[in-house]
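Engineer: Dropping a prediction and its sequence here:
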Amino acid sequence: MHTAKPSSTRSGLTLLELAIMVAVVGVIVFIALPTLQQSEDEATISFAKQQLGYLHTLEQAYYNINGNYAPFSMLAEEEQIRDNFDLRFKSDVCVVEGIKFSGPMESQKYYVIIAELPDGTKYRVDQTGEIRPDDS
(Lines give C-alpha, C1' and ligand atoms only; values in the text may rest on other atoms or scores of the structure.)
Protein backbone atom coordinates (compact mmCIF):
# COMPACT_ATOMS: atom_id res chain seq x y z
CA MET A 1 0.00 0.00 0.00
CA HIS A 2 1.15 3.42 -0.89
CA THR A 3 1.00 6.10 1.79
CA ALA A 4 0.57 9.72 0.80
CA LYS A 5 3.24 12.10 1.90
CA PRO A 6 2.00 15.17 3.71
CA SER A 7 2.28 18.23 1.53
CA SER A 8 4.77 20.75 2.80
CA THR A 9 3.22 23.97 3.95
CA ARG A 10 5.15 27.14 3.98
CA SER A 11 4.48 29.98 6.41
CA GLY A 12 5.92 33.46 6.26
CA LEU A 13 7.64 35.36 3.50
CA THR A 14 10.98 34.79 1.89
CA LEU A 15 13.57 37.51 2.07
CA LEU A 16 13.08 38.27 -1.63
CA GLU A 17 9.30 38.66 -1.26
CA LEU A 18 9.79 40.97 1.71
CA ALA A 19 12.32 43.09 -0.23
CA ILE A 20 9.88 43.41 -3.15
CA MET A 21 7.07 44.51 -0.83
CA VAL A 22 9.29 47.14 0.81
CA ALA A 23 10.36 48.43 -2.62
CA VAL A 24 6.74 48.70 -3.82
CA VAL A 25 5.68 50.57 -0.66
CA GLY A 26 8.69 52.87 -1.05
CA VAL A 27 7.74 53.74 -4.62
CA ILE A 28 4.14 54.47 -3.60
CA VAL A 29 5.28 56.76 -0.76
CA PHE A 30 7.76 58.50 -3.08
CA ILE A 31 4.96 59.19 -5.57
CA ALA A 32 2.38 60.26 -2.98
CA LEU A 33 4.54 62.45 -0.72
CA PRO A 34 4.60 65.62 -2.90
CA THR A 35 0.83 65.45 -3.28
CA LEU A 36 0.35 65.09 0.47
CA GLN A 37 2.71 68.02 1.19
CA GLN A 38 0.84 70.24 -1.26
CA SER A 39 -2.48 69.29 0.38
CA GLU A 40 -1.07 70.10 3.81
CA ASP A 41 0.16 73.51 2.61
CA GLU A 42 -3.25 74.27 1.09
CA ALA A 43 -4.97 73.24 4.33
CA THR A 44 -2.70 75.57 6.34
CA ILE A 45 -3.46 78.49 4.02
CA SER A 46 -7.18 77.73 4.16
CA PHE A 47 -7.11 77.58 7.98
CA ALA A 48 -5.24 80.90 8.19
CA LYS A 49 -7.75 82.60 5.89
CA GLN A 50 -10.68 81.13 7.80
CA GLN A 51 -9.29 82.44 11.09
CA LEU A 52 -8.63 85.87 9.57
CA GLY A 53 -12.29 85.96 8.53
CA TYR A 54 -13.31 84.96 12.07
CA LEU A 55 -11.12 87.68 13.62
CA HIS A 56 -12.48 90.25 11.16
CA THR A 57 -16.03 89.34 12.23
CA LEU A 58 -15.06 89.83 15.89
CA GLU A 59 -13.44 93.19 15.13
CA GLN A 60 -16.58 94.31 13.27
CA ALA A 61 -18.78 93.26 16.21
CA TYR A 62 -16.52 95.15 18.63
CA TYR A 63 -16.59 98.21 16.36
CA ASN A 64 -20.41 98.12 16.25
CA ILE A 65 -20.50 98.14 20.06
CA ASN A 66 -17.64 100.56 20.85
CA GLY A 67 -16.97 102.61 17.71
CA ASN A 68 -13.36 101.48 17.32
CA TYR A 69 -11.28 98.35 16.71
CA ALA A 70 -9.36 96.67 19.51
CA PRO A 71 -6.55 94.25 20.33
CA PHE A 72 -7.50 90.57 20.64
CA SER A 73 -7.20 90.77 24.45
CA MET A 74 -9.90 93.45 24.55
CA LEU A 75 -12.14 91.43 22.22
CA ALA A 76 -11.91 88.52 24.66
CA GLU A 77 -13.15 90.75 27.49
CA GLU A 78 -16.08 92.37 25.65
CA GLU A 79 -19.24 91.06 27.32
CA GLN A 80 -21.26 90.75 24.09
CA ILE A 81 -18.45 88.95 22.24
CA ARG A 82 -16.72 86.70 24.78
CA ASP A 83 -19.28 83.87 24.64
CA ASN A 84 -18.33 83.26 20.99
CA PHE A 85 -14.63 84.09 21.40
CA ASP A 86 -12.01 81.42 20.67
CA LEU A 87 -9.66 81.68 23.65
CA ARG A 88 -6.69 80.65 21.51
CA PHE A 89 -6.73 84.30 20.39
CA LYS A 90 -6.78 85.90 23.85
CA SER A 91 -3.25 87.33 23.42
CA ASP A 92 -2.61 90.28 21.14
CA VAL A 93 0.01 88.18 19.33
CA CYS A 94 -0.66 84.45 19.39
CA VAL A 95 0.28 81.23 17.66
CA VAL A 96 -2.59 78.94 16.70
CA GLU A 97 -1.77 75.64 15.01
CA GLY A 98 1.66 76.93 14.02
CA ILE A 99 0.36 80.18 12.50
CA LYS A 100 1.27 83.50 14.14
CA PHE A 101 -1.63 85.95 14.33
CA SER A 102 -1.07 89.59 15.24
CA GLY A 103 -3.58 92.38 15.27
CA PRO A 104 -4.01 95.92 16.54
CA MET A 105 -2.03 96.74 19.67
CA GLU A 106 -4.38 99.48 20.83
CA SER A 107 -7.89 100.77 20.19
CA GLN A 108 -8.04 102.55 16.87
CA LYS A 109 -10.25 103.47 13.90
CA TYR A 110 -8.48 101.13 11.45
CA TYR A 111 -6.83 97.77 11.85
CA VAL A 112 -4.75 95.15 10.10
CA ILE A 113 -4.52 91.54 11.26
CA ILE A 114 -1.62 89.48 9.94
CA ALA A 115 -1.39 85.69 9.77
CA GLU A 116 2.18 84.45 9.31
CA LEU A 117 2.48 80.83 8.19
CA PRO A 118 5.36 78.57 9.27
CA ASP A 119 7.06 79.06 5.87
CA GLY A 120 7.04 82.86 6.32
CA THR A 121 4.14 83.54 3.94
CA LYS A 122 1.79 86.22 5.29
CA TYR A 123 -1.88 86.98 4.76
CA ARG A 124 -3.78 90.01 6.02
CA VAL A 125 -7.24 91.33 6.60
CA ASP A 126 -8.30 94.87 7.45
CA GLN A 127 -11.58 96.63 8.17
CA THR A 128 -12.67 96.12 4.54
CA GLY A 129 -12.82 92.36 5.19
CA GLU A 130 -10.67 91.53 2.16
CA ILE A 131 -8.22 88.70 2.90
CA ARG A 132 -5.14 88.88 0.72
CA PRO A 133 -1.42 88.07 0.69
CA ASP A 134 0.67 90.54 2.67
CA ASP A 135 3.51 91.87 0.54
CA SER A 136 5.02 94.13 3.17
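Structural biologist: Yep, that arrived. Numbering: from 1, shown residues only.

Engineer: In terms of helices and strands, where is residue 39?
Structural biologist: Element membership for residue 39, per DSSP states H and E: helix 15-66.

Engineer: gap between that helix and the chain center?
Structural biologist: 7 Å (CA atoms, centre = their mean, to the nearest Å).

Engineer: Give me the average confidence score over it.
Structural biologist: Mean pLDDT, helix 15-66: 91.

Engineer: I'd like the next helix or strand past it.
Structural biologist: Next in line after helix 15-66, if elements are assigned by DSSP H and E, sits helix 72-77.

Engineer: other SSEs contacting that following helix?
Structural biologist: helix 15-66 (3 or more CB pairs under 8 Å, 6 or more residues apart in numbering; DSSP states H and E). C-beta here means a position set from N, CA and C on the backbone, and glycine is covered the same way.

Engineer: burial measure for residue 61, as a count.
Structural biologist: Using other CB atoms under 10 Å, residue 61 has 16 other residues around it.

Engineer: so what's it up against?
Structural biologist: 78, 80-81 (CB atoms under 8 Å, 6 or more residues apart in numbering).

Engineer: Mind putting the residues you listed into TSV with pLDDT and neighbour count?
Structural biologist: Shown next, in TSV, are those (pLDDT from 0 to 100; neighbours: other CB atoms under 10 Å):
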residue	pLDDT	neighbour count
78	93	15
80	93	11
81	92	18
